[in-house]
Structure formats: C-alpha cells, structure tokens
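Participant: fold the following and give me the result.
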Amino acid sequence: MLALFRWILRALKALFSGKSQRKKLPSPRREPRAKSPQPRREATRDERPSRVANEDRVRVEYKPSLDGEPDPGEVVWTWVAFEDDPSQGKDRPVLLIGRRAGSLVGVALTSKRHDRVPQVELGVGPWDREQRTSYAKVDRLIDVDASRVRREGAVLDKAVFDRVIRAVRELHGAIIAKK
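Facilitator: Model (predicted):
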C-alpha cells in the first residue's frame, strides 16, 4: 500500500514538473507471495558491534573551528540526496558528528517537527536565516565530502551536540565507535 502511495506521489510530481515517470504501476491482480515465517532472533547490543567492520564505524568528534574547513561539531550547508530517490536531493544544513573512512559524517537538519521520525531539538541557530527551531534527524547518517560543503553555518553548543550523539548511539549503536 505504501509503495502504491509513493508511486502515485512520484507520478503527480512528474506530471507537474514535466518529467517522465520511470517506474510502472504494480499490478493489483498479483499478490506478493507470502514468505514462510522463519523465527528471527534479535541481536543483543553486545553482539551488534562485532558484525560491523572498523572502516564502517563512525568516530564521533567535537572539534569545531570556523576556519573555512568543515569540522565535526559544526553545522554546514551541503547537498543531501533524498532517501527515496538518491538521484535527487537538495542543499540543506547538516550537523557534522564525526568521521568514517576518510569522509565526514553528519545528520540532516530540518525545521519541521515530525513525531514519527527520531529527532533531537537543537533550538534556533545562525544556520537558519528565518530563525526557526531546528531538529536533527538522527535516523539517517550522511557521508559528507568536505570538498562539496558549500559553507559553514555555525558551531553547535557542546551540550546540544552531546544530546544528538546520545540519540544517534541509541539508533546506530553498532556503527558508532567507542571513544
């Protein structure tokens, strides 16, 4: 049902933007085959880190320095691909939280509060010209190429940064390296 809704939404967007639609409407006659139920055991928190390679782990840092170079602890503006269509995206503020395999890692900021998306309220900051309250979307970690950062927005307060990291660790514990 959700897939059909997304397809309709993309079709409407394509209709009004003049783009052609690539995906076909799923046939309503064919029901997906039911998979045989297999019992799944959830991994405990202690088991999860062992399955993540060290190069996939995020080294959390707080080292802001408004020197023209993006650093963890800063809010920067960069291109962020949409989750549902990575070929599209938009320029948006991102809080840099650390590094992974040679690139920076961050979480996108939004000015819209969503109850169903894990978010941490950051308050108002100079990264938003309209001075709206911002929220860090901690459900998705974004790899950021330092050379593609458009500008530094601000240094985030250390206490607020720590709140964001706690929320990120709750959701992504296995990929957040221990200090």
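
Participant: residue contacts, the closest residue to Gly125 other than its chain neighbours?
Facilitator: Among residues not flanking Gly125 along the chain, Ala154 sits closest, at 5.2 Å (Cβ to Cβ, 6 or more residues apart in numbering). The way it works is simple: take the backbone N, C-alpha and C, and place the C-beta from them, glycine included. With contacts defined as Cβ atoms under 8 Å, 6 or more residues apart in numbering, Ala154 is in contact with Glu74, Val75, Gly125, Pro126, Trp127.

Participant: quick one: contacts for Leu122?
Facilitator: Counting by Cβ under 8 Å, 6+ apart, Leu122 makes contact with Leu95, Leu109, Thr133, Ser134, Tyr135, Ala136, Leu156, Val160, Val164.

Participant: helix, strand or coil for the second one?
Facilitator: Under the three-state scheme (DSSP: H, G, I helix; E, B strand; the rest coil), Leu109 adopts strand.

Participant: which among the contacts of Leu122 end up buried?
Facilitator: Leu95, Leu109, Ser134, Tyr135, Ala136, Leu156, Val160, Val164 (16 or more other Cβ atoms under 10 Å).

Participant: now the residue nearest the centre of the chain: how far from Val107?
Facilitator: By Cα atoms, centre = their mean, the chain has its centre lying nearest to Arg140, at 2.8 Å. Here Arg140 is placed at a distance of 7 Å from Val107 (Cβ to Cβ, to the nearest Å).

Participant: next one: Val168
Facilitator: Summarising the geometry, the distance separating Val168 from Val107, computed by Cβ to Cβ, is 7 Å.

Participant: now do the shared contacts for those two.
Facilitator: Ile97, Val138, Leu141.

Participant: number of residues surrounding the second one?
Facilitator: If I follow you right, that is Val138. Using other Cβ atoms under 10 Å, Val138 has 24 neighbouring residues.

Participant: try Phe82
Facilitator: Residues contacting Phe82 under the criterion other Cβ under 10 Å number 10.

Participant: doesn't Arg10 belong to a strand?
Facilitator: No - following the definition three-state DSSP, Arg10 is helix and is not counted among the residues of a strand.

Participant: all good on my end, thank you.
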